[in-house]
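Trainee: Model the following, please.
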Amino acid sequence: MNLLSGDLTQASSFISAVGTVNKSLLILSACVLVGVLLSFGFLLIEHGGKLQSSASKLRKFGEIAAGIWLVTSFLEITITLANILDSSLGAALEPTTFRSFITQVDLGRFLFAQTIAAAVVLVGLRFITTALQSIVFLAITLVGLVAPVFQSHSAAAGSHALAIGSLVVHVVALSLWVGGLCAIALIADADRRIALPRFSQLALWAAIAVVISGVTNAWSRLDFAQAWSTSYARIVIAKAVLTLVLVFIGYRNRRKLTQGVHTGWSLLTRVIVYEVLLMGAIVILGSWLSKTEPPVGAQAAYSPAIAIVGFPAPAEPNFMRILTVYDPDALMIAILIALVALYINGVVILKKRGDAWPVGRTISFALGIAAIDFATSGGLGVYALFSFQYHMIAHMILGMLAPIGLVLGAPLTLALRTLPQGRTPEERGVRGSLLAALHSRYSVIITNPVVALALFDGSLFVLYFTNLFGDLMQNHAGHFFMNVHFLLAGYLFFHVIIGIDPNPRKVPHVVRIVILFAAMSIHAFFAISLLATSTLIDGGYYKSIATPWVTDLLADQHAAGSVAWAMGEIPVLLAITATFIQWMRDDTRETKRIDRNEARMAAMGEPDDLAQYNNYLSKLQRRSEREGQQ
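Mentor: From the prediction side, this is the model:
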């Protein structure tokens, strides 16, 4: 019996060691792949959006990195399953057990999603020919890399939204920083001189995000005195120190670069010896950290809410509590901060050029951002986790009110006026890539009013009247996906209807009004359908939360239907009013244009359009008279 126990202990230690090495290789290879795709999309010179020969060498490194990422991702599934079952790797590969893990267990699903992402990128690398395609595959890579984070052990430390969100931001920022640095080390010296200035700006923001998100994540898990004496805390401190050292070294190298230091072998040696090695150490520490259980403080009394959400149900809602309660969703906050920073930077650039930017647009954008934060991290976002009717209020704000503010803020117009041009006359640059995306075939399809309406209102029935809603509410990833979907679907719809930004499809005002009335009707039908339900549609989520002040779940569900009916009409009516105003303004501008044209032609002694038309009719009449006489 002791021999058997010793064998199991040795096997467990072996699997643990292999798991740490495998996780390090997984993260490093994914980071290199991120760097390759980042270079394709933003750092290397392209001509008209097409990748040049300088991308060929990097493509080979990218294929190797993608292959390693695919293999290590598959091994990560096997090692994780072996740890859970406390068995050997061979036992974890038993087909039935393996299939059940990747199809029925959330952690297995996310790890399998990472493997699928690695396979897709590995195949797609061979066919990437443009910078825009590279950006798409970069997004797929980042999503695949962070997918398992949503089921990491950080979820066990307090608020899931804070712990998981900060870790997602940390991984994304670190992968862009590490990957970009590896790509800089791999490209030719001539390309490096062009790529380094642009990467330095990205590296600065990535370093800031790494430090802030790392501190936030550590604080969420080490928020009691005894935690700082654990091995977990020591790894965190070592990682933080190395990160700060790396930031200092990177700052010093970039400063020398701006002073005119050559970017040849001297800089490359410094990059490899200092920055790349330190980056590798940080990544290895991160992978070790992910395999180490965080310290656990004094346990509060168990409740389903703590197990699922990360904190107990708040007190029964009232006006002041809804305004003052706040639980930060770190991932959403990071996205909002990035959007605000980019918007402010664009306004500042315009002001420095002496160009005007309407204050009303800035205020509108700020109100939209504030509404999103209130519906995700604020009191409304908190209570949405515990009551269906508050979830519906948050949904209405995210899908109908906040998008109106963002659309009227004209962020795409601001971006097109301030984004940098290409570094050569032949290069599209970031601005050209955005223009290409806006005029792509995909944009033409989704900006069709019928398609926008289907995504805006049709998705309500798909989400709430299938099992999808209950499944998505069970974890933070699903809840985050829902919020993003509400926001993007609403933004697309109102962009098509009342948007100020450029639109690849010109939609007549009368069609916009018809679409708005259709949206109002469909939304009312959805609300009535929700009011008429006789069974719960949340898949048991709110029952499992056991919110003490929600005693009748079906009544709460019907209240959500009433909210959908009451709140759904107001934004549509506002959009109809805005559409009428835009219609009248367009008619006024067209009338003024015709008047100016007539005045110009009169000043030149030429007949205006009306006179030309009358002359044309007279000629037709004379021709008809001649034909009648014959």
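
Trainee: correct me, but Ala559 touches Ile393?
Mentor: No: applying CB atoms under 8 Å as the test, Ala559 and Ile393 come out as separate, 9.9 Å apart. Every C-beta, even on glycine, is put in place using the N, C-alpha and C of the backbone.

Trainee: Distance check, Asn345 against Val211.
Mentor: Look at Asn345 and Val211: by CB to CB, to the nearest Å, they are 20 Å apart.

Trainee: Rounded mean pLDDT for stretch 563-571, please.
Mentor: Computed over stretch 563-571, the mean pLDDT rounds to 85.

Trainee: Let's verify Asp501: helix, strand, or coil?
Mentor: With DSSP: H, G, I helix; E, B strand; the rest coil as the basis, Asp501 sits in coil.

Trainee: Find the nearest non-adjacent residue to it, please.
Mentor: In space, and not counting its chain neighbours, Asp501 is closest to Leu412: 3.8 Å by CB to CB, 6 or more residues apart in numbering.

Trainee: which of the residues in the helix or strand encompassing that neighbour are buried?
Mentor: Assigned by DSSP states H and E, Leu412 falls within helix 411-418. For helix 411-418, the neighbour count (16 or more other CB atoms under 10 Å) marks 411-416, 418 as buried.

Trainee: so what does it touch, helix or strand wise?
Mentor: Contacting helix 411-418 under the criterion 3 or more CB pairs under 8 Å, 6 or more residues apart in numbering; DSSP states H and E are the following elements: helix 330-353, helix 429-438.

Trainee: what does the last one rub up against?
Mentor: Residues lying outside helix 429-438 but in contact with it, judged by CB atoms under 8 Å, 6 or more residues apart in numbering, are 41-42, 49, 131-132, 135, 412, 415-416, 419-423, 428, 443, 502, 504.

Trainee: Could you do the longest one as well?
Mentor: Applying CB under 8 Å, 6+ apart, the set of residues contacting helix 330-353 from outside is 161-166, 168-169, 209, 213, 216, 356-357, 362, 365-366, 369, 372-373, 376-377, 409, 411, 414-415, 417-418, 480, 483.

Trainee: which ones among those residues are found in strands?
Mentor: Among the contacts of helix 330-353, DSSP state E puts none in strands.

Trainee: Now stretch 581-589: buried residues?
Mentor: Neighbour-count burial for stretch 581-589 [16+ other CB under 10 Å]: Gln582.

Trainee: make that stretch 518-532, sorry
Mentor: Neighbour counts over stretch 518-532 (16+ other CB under 10 Å) mark 519-520, 522-523, 526-527, 530 as buried.

Trainee: Could you do stretch 478-486 as well?
Mentor: Going by neighbour count (16+ other CB under 10 Å), the buried part of stretch 478-486 is 478-480, 482-483, 485-486.

Trainee: so how far is that stretch off the chain centroid?
Mentor: Averaging C-alpha positions (CA atoms, centre = their mean, to the nearest Å) puts stretch 478-486 10 Å from its chain's average.

Trainee: ok, residues contacting that stretch?
Mentor: Where contact means CB under 8 Å, 6+ apart, the residues beyond stretch 478-486 that reach it are 329, 331-332, 375-376, 385, 394-395, 398-399, 459, 463, 471-473.

Trainee: Surely Ile306 is in contact with Pro312, unless I've mixed up the numbering?
Mentor: Yes: between Ile306 and Pro312 there is a contact under CB under 8 Å: 5.7 Å.

Trainee: re earlier: could you export the helices and strands packed on helix 411-418 as TSV, including mean pLDDT, distance to Leu85 and mean neighbour count?
Mentor: Below are those laid out as TSV (pLDDT from 0 to 100; distance: least, CB to CB, whole Å; neighbours: other CB atoms under 10 Å):
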stretch	mean pLDDT	distance to Leu85	mean neighbour count
helix 330-353	93	31	16
helix 429-438	86	46	17
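
Trainee: in the protein, what secondary structure element scores lowest on mean pLDDT?
Mentor: helix 265-270 (a mean of 53; mean pLDDT, DSSP states H and E).

Trainee: Okay, and which of the buried residues of stretch 518-532 map to helices?
Mentor: 519-520, 522-523, 526-527, 530 (DSSP state H).

Trainee: Make TSV from these and add distance to Ile581 to it.
Mentor: Formatted as TSV, those follow (distance: CB to CB, whole Å):
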residue	distance to Ile581
Ala519	18
Met520	18
Ile522	24
His523	22
Phe526	28
Ala527	27
Leu530	32
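
Trainee: Using CSV, please lay out the buried residues of stretch 518-532 together with distance to Ser100 and pLDDT.
Mentor: Converted to CSV, the buried residues of stretch 518-532 look like this (distance: CB to CB, whole Å; pLDDT from 0 to 100):
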residue, distance to Ser100, pLDDT
Ala519, 43, 90
Met520, 46, 88
Ile522, 40, 91
His523, 40, 89
Phe526, 36, 93
Ala527, 39, 92
Leu530, 35, 93
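
Trainee: Which parts of the stretch 201-350 of the chain are helices?
Mentor: 231-258, 265-270, 277-290, 304-308, 319-324, 330-353 (DSSP state H, counting those that start in this stretch).

Trainee: send the alpha carbons of the fifth one over as PDB?
Mentor: What it means is helix 319-324. Extracted as PDB, the C-alpha positions of helix 319-324 are listed here (Å, rounded to 0.1, in the frame of the first residue of the first chain):
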ATOM      1  CA  PHE A 319     -32.200  54.100  -5.000                       C
ATOM      2  CA  MET A 320     -29.100  55.000  -3.000                       C
ATOM      3  CA  ARG A 321     -27.700  51.400  -3.000                       C
ATOM      4  CA  ILE A 322     -28.000  51.200  -6.800                       C
ATOM      5  CA  LEU A 323     -26.100  54.500  -7.100                       C
ATOM      6  CA  THR A 324     -23.400  53.600  -4.600                       C
END
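
Trainee: quick one: average pLDDT of it?
Mentor: For helix 319-324, the per-residue pLDDT averages 92.

Trainee: Check the offset of it from the chain's centre.
Mentor: In terms of CA atoms, centre = their mean, the centre of helix 319-324 is set 28 Å apart from its chain centre.

Trainee: And it, what does it pack against?
Mentor: Judged by 3+ CB pairs under 8 Å, 6+ apart, helix 319-324 is in contact with helix 379-384.

Trainee: quick one: average confidence on the helix or strand following the helix it packs on?
Mentor: Using DSSP H and E, the helix or strand that follows helix 379-384 towards the C-terminus is helix 388-396. Averaging pLDDT along helix 388-396 gives 94.

Trainee: From the opening residue of stretch 444-463 to its closing one, how far?
Mentor: 25 Å (CA to CA, to the nearest Å).

Trainee: Surely Ile372 is in contact with Tyr491?
Mentor: No: between Ile372 and Tyr491 there is no contact, the gap being 10.6 Å when judged by CB under 8 Å.

Trainee: The two - which one has more neighbours?
Mentor: A count of neighbours by other CB atoms under 10 Å puts Ile372 above the other of Ile372 and Tyr491, at 29 against 22.

Trainee: still on that earlier bit, just want the angle from the helix holding Leu412 to helix 429-438.
Mentor: Angle of helix 411-418 versus helix 429-438, following axes from the mean of the first three to the mean of the last three CA atoms, to 10 degrees, is 140 degrees.

Trainee: can I assume Val462 is in contact with Leu468?
Mentor: Yes: under the criterion of CB under 8 Å, Val462 makes contact with Leu468 at 6.6 Å.

Trainee: and these two? which has more neighbours close in?
Mentor: Taking other CB under 10 Å, Val462 and Leu468 do not tie; Leu468 has more neighbours (15 against 12).

Trainee: give me every residue that touches the more buried one.
Mentor: Applying CB under 8 Å, 6+ apart, the residues near Leu468 are Val462.

Trainee: Thank you kindly, that will do.
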